[in-house]
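J.: Just a sequence and a predicted model for now, questions to come.
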Amino acid sequence: MTRVSINPGRVDWSGENPGIYLKTDPNGEYDALALFFRVALSPYGRGHAAIVLGAPDEACGWPEVSNLIMTDNQRMMRWIVDGWVTRMPTFVGKAGLGAMTWLDCDSVEKRPGNLKTRYSETLRGSGVTLEMIWRDTGPPLPVEVTKANSATKAHEMYSVFLEAKEAQIVLNGTALPGQVTSRQFFGRTMSTAFLAFSETWVTPAGDL
């Protein structure tokens, strides 16, 4: 297919979407999952959010277990969770996703520092402080994913990924269990902790 300078599809949402997936046993299931969102544009406006599943396979929410979402735009995030997160391979079928508690977020603080050494996002609200931390990141990787290969099987996705060798999910001062491991990502072995900048999801023109 000939590449064109202007994609004729529809931009559904665009922003930042880094993640951290941790395991205590490299050969076992994930013990903690977290995604951060800084959405620059969407049909429901702009906003921030973080999803944390500290008990991914438990149908229970916060504070019984660490399954929660913090956001300053619930309408936008319910649309993104339904249309995107529930389709992502790491989150498909996770009981904690449907049972997570929705919390209001009052503030979001980015601490980029030296991007290679340490990067963090801190959300506060509803009596919760969540910090996501990435350390020792690699070079930026341009990612271009077709509809057939994307997580949703309905969108194209474009982004810039940076792998992190170490990462933490810290909830009210306590780090959730697990360490960064590796996974297969479009035919390449990559870290389960990553920064994702300039992430844009597009509905192909043929599907409009």
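T.: Ah, there it is.
J.: So residue 25, which state does it fall into?
T.: coil (DSSP: H, G, I helix; E, B strand; the rest coil).
J.: How many neighbouring residues does it have?
T.: 11 (other C-beta atoms under 10 Å). C-beta here means a position set from N, CA and C on the backbone, and glycine is covered the same way.
J.: swap in the one 4 residues further on?
T.: Look at residue 29: counted by other C-beta under 10 Å, it has 10 neighbours.
J.: so it sits in a helix?
T.: No. Counting by three-state DSSP, residue 29 is not found in a helix; it is coil.
J.: just checking, it touches residue 58?
T.: No. Assessed by C-beta atoms under 8 Å, residue 29 is found out of contact with residue 58, at 12.0 Å.
J.: residues shared between the contacts of the two?
T.: Common contacts of residue 29 and residue 58 (C-beta atoms under 8 Å, 6 or more residues apart in numbering): none found.
J.: Below-threshold pLDDT in this protein: ranges please.
T.: Across the chain, the ranges flagged by pLDDT under 70 are 1.
J.: Where is the longest helix in it?
T.: As assigned by DSSP state H, the longest helix anywhere in the chain is helix 74-83.
J.: List the residues that contact the spatially most central residue of the chain.
T.: Taking C-alpha atoms, centre = their mean, the centroid of the chain lies closest to residue 35, which sits 2.8 Å from it. If a contact means C-beta under 8 Å, 6+ apart, then residue 35 has 17, 18, 19, 50, 51, 85 as its contacts.
J.: hmm, try it at 10 Å
T.: Residue 35 sits next to 17-21, 49-53, 69, 80-81, 84-85, 88, 90-91, 132, 196 when contact means C-beta atoms under 10 Å, 6 or more residues apart in numbering.
J.: which element is it on?
T.: strand 32-41 (DSSP states H and E).
J.: Partner strands of that strand and their direction?
T.: strand 10-16 (antiparallel), strand 19-23 (antiparallel), strand 47-53 (antiparallel) (DSSP bridges).
J.: Just say which of the ones you listed is most tucked in.
T.: Ranked by mean neighbour count under mean count of other C-beta atoms under 10 Å, the strands paired with strand 32-41 are led by strand 47-53, which reaches a mean of 25.
J.: chain center to the helix or strand following that one, what's the gap?
T.: Counting by DSSP H and E, the next helix or strand C-terminal to strand 47-53 is strand 67-71. Strand 67-71 has its C-alpha centroid displaced from the chain centroid by 12 Å (C-alpha atoms, centre = their mean, to the nearest Å).
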